[in-house]
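**Q** one predicted model, sequence on top.
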Amino acid sequence: MKKIQSHIASIRFRGGQTPGAQYLSGRQVFDETFVEGRLITRFWNANGQIWPEMHYPYGRGMAINEPADTFQLSINHQNLAGGYTWQSAEVMPESHGVISLKHKQAGVKVKIHTRTDGSEFVVRWLEIANTSANAVAITSVAPFSGLLWAHRYDEHLPLAAESPFEVAYTHQYEWGREGDFWFEPVLDGRKSVDGGKKGRSGWGRPAFWARNRCNGQTFVCELAWGGNYEFELDCRLKAAGPGKLFFRMGLSGYDEALRVLDPGETVVTPPVHLALFQDNTDAIVQATHAHVRNAVLPNQLLGREMEIEANHRGYLCDRENVPDIIKDIDVAASVGAEMYVIDAGWYGNEPNRWASNVGDWTDGQWMHEGGGLKAVADHAHKRGLKFGLWVEIEAAGDASTLKKEHPEWLFRRNGEPISGGRALDLTQPEVIAFAESEIVRLIGDLDLDMYRIDHNHTLTPSGNRIYQGFVEDLTWRYYDNFNALFDRLRAQFPNVVFQNCAGGGGRLDWGTMAHFHNTELSDWMRLPRGMKILNGITMSLPPEALLRTFGTEVGEHVLDGDVDTQLRHCFCRMIIRGIAPSLEEVSLYLRERVEHYIDLYKQIIRPTTIDGLVYHHTPFQPLSEKTPWCVLEYAKADQSSSVAVVFRTSDNGAQEYCFRPRGIDPGKEYIVTLDNRELSFRVTGYEIMNTGIAIRLEPAIGSELILMQAAADAK
């Protein structure tokens, strides 16, 4: 995890017969205690308040059968809660606390790592060591769990409400359905979500928001993990008495053992990021983005934030050739793109079928005329563009020489290849060495400025092996090696941008994103769903880390509204996939619209977005519902600039939307520009925040771009 400076954060450990810990970070307090061999929740508080002892004797009356443990672990199918002995507690540098517990019967030692950074987030992970003379199997693990709320609710519960608690999570986790993040009631009983167990974290993500309708509090929970996961909410309501909500966030798998530990071996779990807020949605999102920027994402390369990319697949899908790619580069450079990217289809054996040829990362025969990929890279650099390359390094296609020569490198389950024989087994040292050497070679040979992965298969069910008498799911080992690989590559090539893609947004979890500068948001590029996907994903990830596409690659993409609306879909990091096949074929109208948006993007949208604040005027939109509007606003923290896009996403409802900005200062004057109408006017922040701007959009798929700049800064 990224090291950060601590401020307004402290950790205190208690000794005595009932030892425990108290973590203060920002306004948040989290307290846990060790009772009868269990580390259990005492309380959470969102207002910096320490609860007096009288409020929680024995965990506030926690019954032995209640899942209040602040982590959960099973070894060889034995739940270890109730059998631990307290060993020690230590405060490490950078507000990092470590509690050491021992379970003599199971033969393991567990270190519970908890870190705070002055934000509302508490980050927890486990270090599990096998202290016995025999191999042991981790059969279940949840690095963070316990009690969220326990309080009376009858007089606070809204009328007709089914429960005092609600949960938002990604309801759909199929390809092209990212960001389907919205609330539903948490009813009495257990609610479990596993993301489809696709061998990776998407196309949903291992995260939830739990909201308390009685007191207005919200818990945000994110598991930083790219593999299979499961979270559970356990709601316990009584006709008279307290309502309680417990949670568990952890790893899942297909086999009895998530990980087998040899004697003396230690393993570290992925971390869980958990925060309690007494705030509104905008404040929660902004605090989440600040935490992601500071504690999750690698530092962006200075001067290369939110580059405008052009991608060859607008007109050249599966007909890649150097002369036509050169023409495409010239088109991209002429409209102001900043980086050119060669995507799938440049490699392998005849015929040119990108999915079948993956694994052979050398120029295909069709690329030889004109000097191959090296000539393409050189031309892009000559035109003043950065150059990036797509390589699906985790795959071996049916037509690849790699698969024929190394069938033993395929990921296997019960001895048979999984994922149609396409997935490489990254748990094997030889496979990791191959992947690393290929990437290093390509970056060096082509002087790459950007490297992009992809992952177009699911590990469902996952690979496994029989080891030390256990059937072990290999997903954990796979992602340990995957993460370490890209950490080494980023260290070796500090001036290269590393981009994530997994069939679009198949790995948008914080664990994967800790190793990449930015990510493909979704393969679904069409409106209106594409904008709603961006709306949902930016509840977690800041927009400057996300990629959105304008262009001709996807069928009917060019029919989704007018050109301005298609361009405004790229309200984050921009990719152009096709403007025209050559400079001679670019229409004057299209050139003018593209150049106009790119100019606004460079001059206003990008400077406002980088490290800016995000306001969701229409949050929690189910993708399957025909909502009438989707509205996003980005603003500078100093309120000197704000930009917003109002999208009409269906013909439902009224044709007029009243936009009231949230990212401006009521005490300042602003120059407001409505891009459709080419109209600018001066207005006070107070006036526009109270009266709003009436945006009328008659077409079913239409939009307006609103630019707001403090008058003193207006150009």
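**A** Happy to help now that I have it. Keep in mind that this is a model prediction, so the values were computed, not measured.
**Q** make it CA atoms for all contacts and neighbour counts henceforth
**A** Fine.
**Q** show me the shaky parts of the stretch 601-715 of the chain.
**A** For the stretch 601-715 of the chain, the stretches with pLDDT under 70 are 713-715.
**Q** show the residue spans covered by the strands in it.
**A** Along the stretch 601-715 of the chain, the segments classed as strands by DSSP state E, counting those that start in this stretch run 613-616, 629-635, 641-648, 656-659, 669-674, 679-684, 693-696, 702-710.
**Q** ranking those strands by burial, who's on top?
**A** Sort these by mean neighbour count, taking mean count of other C-alpha atoms under 10 Å, and strand 641-648 sits at the top with a mean of 26.
**Q** ok, that strand: who's next to it in the sheet?
**A** Partners of strand 641-648 in the sheet, by DSSP bridges, are strand 629-635 (antiparallel), strand 702-710 (antiparallel).
**Q** nearest to residue 353 among those strands would be which one?
**A** The stretch from the strands paired with strand 641-648 with the least distance to residue 353 (C-alpha to C-alpha) is strand 702-710; that distance is 36.3 Å.
**Q** adjacent strands (with direction) for the host helix or strand of residue 23?
**A** Assigned by DSSP states H and E, residue 23 belongs to strand 20-25. Note on strand 20-25: by DSSP bridges, its sheet partners are strand 9-14 (antiparallel), strand 28-35 (antiparallel).
**Q** how about low-confidence regions in this structure?
**A** In the chain, residues with pLDDT under 70: 1-7, 56-64, 713-715.
**Q** just the helices in it please.
**A** 58-61, 281-295, 322-335, 354-357, 372-382, 401-405, 429-446, 475-492, 510-513, 529-537, 563-568, 588-600, 606-609, 685-691 (DSSP state H).
**Q** give the contact list for residue 668.
**A** Applying C-alpha atoms under 8 Å, 6 or more residues apart in numbering to residue 668 gives the contacts 684, 685, 686, 710, 711.
**Q** and those residues as a markdown table, adding distance to residue 603?
**A** Formatted as a markdown table, the contacts of residue 668 follow (distance: C-alpha to C-alpha, whole Å):
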| residue | distance to residue 603 |
| --- | --- |
| 684 | 23 |
| 685 | 22 |
| 686 | 25 |
| 710 | 14 |
| 711 | 16 |
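**Q** which two in the residues you listed are spaced the farthest apart?
**A** Among the contacts of residue 668, 686 and 711 lie farthest apart (C-alpha to C-alpha), at 13.8 Å.
**Q** thinking again about what came up before, next, format the strands paired with strand 641-648 as CSV and append distance to residue 467.
**A** Formatted as CSV, those follow (distance: least, C-alpha to C-alpha, whole Å):
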stretch, distance to residue 467
strand 629-635, 51
strand 702-710, 57
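**Q** list the buried residues for stretch 619-630?
**A** For stretch 619-630, a neighbour-count test (16 or more other C-alpha atoms under 10 Å) marks 619, 620, 621, 622, 623, 627, 628, 629, 630 as buried.
**Q** in this structure, where's the longest strand?
**A** Longest strand in the chain, counting residues (DSSP state E): strand 136-152.
**Q** please name the strands paired to that strand in the sheet, noting orientation.
**A** Using DSSP bridges, the strands paired with strand 136-152 are strand 72-75 (antiparallel), strand 242-251 (antiparallel), strand 259-261 (antiparallel).
**Q** what's in contact with the last one?
**A** By C-alpha under 8 Å, 6+ apart, the residues outside strand 259-261 that reach it are 129-130, 135-139, 267, 467-468, 470, 472-474, 476-477.
**Q** just the buried residues from these, in ChimeraX please.
**A** Those of the contacts of strand 259-261 that count as buried under 16+ other C-alpha under 10 Å are selected in ChimeraX with:
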select :129,130,135,136,137,138,139,267,470,472,473,474,476,477
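**Q** from the contacts of strand 259-261, which single one is nearest residue 208?
**A** Among the contacts of strand 259-261, and counting by C-alpha to C-alpha, the member closest to residue 208 is residue 476, at 21.7 Å.
**Q** thought the closest one was touching residue 227?
**A** Yes. Counting by C-alpha atoms under 8 Å, residue 227 is a contact partner of residue 476 at 7.1 Å.
**Q** re earlier: out of the helices of the chain, which is closest to residue 503?
**A** Taking C-alpha to C-alpha, helix 354-357 is the member of the helices of the chain nearest to residue 503, at 11.8 Å.
**Q** other SSEs contacting that closest one?
**A** If contacts are counted by 3 or more C-alpha pairs under 8 Å, 6 or more residues apart in numbering; DSSP states H and E, helix 354-357 sits against no helix or strand.
**Q** and the contacts of stretch 435-451?
**A** 361, 373-374, 377-378, 386-391, 393-394, 485, 489, 495-499.
**Q** which ones among the residues you listed lie within strands?
**A** Using DSSP E, 386, 387, 388, 389, 390, 497, 498, 499 are the members of the contacts of stretch 435-451 that sit in strands.
**Q** going by neighbour count, which of these comes out on top?
**A** In terms of neighbours by other C-alpha atoms under 10 Å, those top out with residue 388 at 27 neighbours.
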